[in-house]
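> everything below, folded, please.
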Amino acid sequence: MKNGILTIGFSLLFIFCSKDDEIKNSVIDSSANEIYFPKINADVWETKAVSELNWNEDKLTPLFNFLEEKNTKSFIILHRGKIVIEKYFDHHTSSSLWYWASAGKTLTSTLAGIAQDESFINIDQKVSNYLGENWTSISLAKENLITCKNLLSMTSGLDDSLGENISPQNLKYVADANERWAYHNVYAKMQDVIANAAKTDFTTYFNDKLKNKIGMNGVWRNIGDLNVYWSNSRSMARFGLLIAAKGKWEDTQIVSENFITEATSTSQNINKSYGYLWWLNGKESYHLPQSQNEFMGQLIPNAPKDMFCALGKNDQKIYIVPSKDLVIVRMGEAANDDNFALSSFNNDLWIRINALID
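Next comes the predicted model:
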């Protein structure tokens, strides 16, 4: 009988110890998977060695040579928030400012999410509710079909062939809202929507609600008819990290997770590779700027299917890959010829990235 009791006792002890080990291991694993956020008011950013991730270090030099050959000024890879690679070229430094071009559209998208979280706007409401009537030159019946969501998803139906100017006389009818996808600068009207609704100017709202809260630097500059963001490369990486963390910075939810999920999912049924000013990989087809053609296949075949990205003129990039816990930033001149957003450089670059990380 005593032997039986001892056996049961040892069995229970083994079970409890095993459970303790499982709990300890789960705590260790959880800690290892935490996202690191650099401090807001300090230039200190923790790093992680390539060897820690078992990446192929011998592929670094070919990657850097390719980046330099393709007119790159900066290149950063974050893994769970920590810098694994940070490289500058052509006299560019960590403090140099460079333009985001259309990659900065995602800043406007994020501000729209924040404004909606704060109940200043509802993206399902018509743009006229915030800008008043006659913000276009089309009939009021057609103008009133255009919602803020149409601006964010590039489905306003307005003519995209009339240049960058988005004054009313340049906003002309082609199709009803939701009937046509076209890459159009009219998205910038969302900046006016946000400013009017929040009763401030767009830059002040951006600085207070996003830039200062995650420690970005940078400035908006008018270039022609566009409001373009300039910053250092780490600021672009900070923004990418915020989005990768589903809108959260440390313990603060800057923009709701629901909005980020919506913004980085297919936003309409025409261009399946487009969210709210974000480009999406891994979809069955895509459209490109200045074209009404549908191309079959995924946007960037060599990149992970779950990747989504901010793409700007002359190859400004923020790639976010949830499955690999990566944020990748590239700033510079055009890799090949001038381009609006997507170029063959994306696919060529991902050949080199895959060689490094796989």
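> any low-confidence regions in the stretch 1-150 of the chain?
1-32 (pLDDT under 70).
> ok, the nearest residue to residue 45 once chain neighbours are set aside to residue 94 distance?
In space, and not counting its chain neighbours, residue 45 is closest to residue 38: 4.4 Å by C-beta to C-beta, 6 or more residues apart in numbering. Using the backbone N, CA and C atoms, a C-beta is placed for each residue, glycine as well. According to C-beta to C-beta, to the nearest Å, residue 38 and residue 94 sit 12 Å apart.
> ok, now residue 337?
For residue 337, the distance to residue 94 - C-beta to C-beta - is 28 Å.
> now do residue 57
To residue 94, residue 57 is 22 Å away according to C-beta to C-beta.
> repeat for residue 48
Computed as C-beta to C-beta, the residue 48 to residue 94 distance reads 17 Å.
> okay, those two: which has more neighbours?
Ranked by neighbour count (other C-beta atoms under 10 Å), residue 48 and residue 94 place residue 48 first, with 17 against 13.
> ok, now which ones touch residue 193?
Listed by C-beta atoms under 8 Å, 6 or more residues apart in numbering, the contact partners of residue 193 are 112, 115, 121, 127, 130-131, 148, 151.
> in terms of helices and strands, where is it?
helix 189-198 (DSSP states H and E).
> next one: residue 235
Assigned by DSSP H and E, residue 235 belongs to helix 233-244.
> return the distance of the helix or strand just after that helix from the chain's centre.
Downstream of helix 233-244, the next assigned helix or strand under DSSP H and E is strand 248-249. Counting by C-alpha atoms, centre = their mean, to the nearest Å, strand 248-249 is centred 14 Å from the centre of its parent chain.
> ok, the helix or strand just after strand 248-249: who's next to it in the sheet?
Downstream of strand 248-249, the first helix or strand assigned by DSSP H and E is strand 252-253. Here strand 252-253 is paired, per DSSP bridges, with strand 248-249 (antiparallel).
> other residues contacting the strand it pairs with?
Outside strand 248-249, the residues that reach it (C-beta under 8 Å, 6+ apart) are 37, 213-214, 242, 254, 257.
> can you show me the helices along the stretch 101-250 of the chain?
For the stretch 101-250 of the chain, the helices defined by DSSP state H, counting those that start in this stretch occupy 105-117, 128-131, 140-143, 148-153, 189-198, 202-206, 212-214, 233-244.
> of those, which is nearest residue 44?
Ranking these by proximity to residue 44 (C-beta to C-beta) places helix 233-244 first, at 11.0 Å.
> in stretch 102-118, what counts as buried?
The neighbour-count check on stretch 102-118 (16 or more other C-beta atoms under 10 Å) flags 102-117 as buried.
> which residues of the chain fall in strands?
72-79, 82-88, 98-99, 219-223, 226-231, 248-249, 252-253, 279-280, 285-286, 295-296, 308-312, 316-321, 326-332 (DSSP state E).
> residue 190 is in contact with residue 202, correct?
No: look at residue 202 against residue 190 with C-beta atoms under 8 Å: they stay out of range, at 9.2 Å.
> the more surrounded of the two?
residue 190 (25 against 20).
> who touches residue 40 in this structure?
Counting by C-beta under 8 Å, 6+ apart, residue 40 has contacts 212-215.
> in CSV: the helices of the stretch 101-250 of the chain, plus distance to residue 290.
CSV is the format used below for the helices of the stretch 101-250 of the chain (distance: least, C-beta to C-beta, whole Å):
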stretch, distance to residue 290
helix 105-117, 16
helix 128-131, 26
helix 140-143, 23
helix 148-153, 17
helix 189-198, 20
helix 202-206, 26
helix 212-214, 33
helix 233-244, 25
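> out of the ones you listed, nearest to residue 274?
Proximity to residue 274 (C-beta to C-beta) singles out helix 148-153 among the helices of the stretch 101-250 of the chain, at 6.6 Å.
> OK, contacts around residue 221?
The contact partners of residue 221, by C-beta under 8 Å, 6+ apart, come to 99, 227-230.
> counting neighbours, which of those residues comes out on top?
Counting neighbours by other C-beta under 10 Å, residue 229 leads those with 25 neighbours.
> go ahead and confirm it touches residue 223.
No: between residue 229 and residue 223 there is no contact under C-beta under 8 Å: 10.4 Å.
> and the gap between the residue nearest to residue 351 when sequence neighbours are not counted and residue 246?
Leaving aside its sequence neighbours, residue 351 sits nearest to residue 302 (C-beta to C-beta, 6+ apart; 5.5 Å). Distance check for residue 302 against residue 246: by C-beta to C-beta, it reads 26 Å.
> now do residue 217
23 Å.
> who's more crowded, the two?
For residue 217 versus residue 246, neighbours defined as other C-beta under 10 Å are more numerous around residue 246 (17 against 13).
> you'd agree that one is up against residue 258?
No: applying C-beta under 8 Å as the test, residue 246 and residue 258 come out as separate, 9.3 Å apart.
> so which of the contacts of residue 221 sits lowest on pLDDT?
The lowest pLDDT within those belongs to residue 227, with 91.
> skipping adjacent residues, who's closest to that one in space?
In this structure, residue 227 finds its nearest non-sequential neighbour in residue 220, 5.3 Å apart by C-beta to C-beta, 6+ apart.
> ok, residue 219 next?
Leaving out its chain neighbours, the residue that sits closest to residue 219 by C-beta to C-beta, 6+ apart is residue 230, at 5.7 Å.
> local confidence estimate at residue 163?
Predicted confidence (pLDDT) for residue 163: 88.
> re earlier: would you mind getting the angle between the helix holding residue 193 and strand 219-223?
130 degrees (axes from the mean of the first three to the mean of the last three C-alpha atoms, to 10 degrees).
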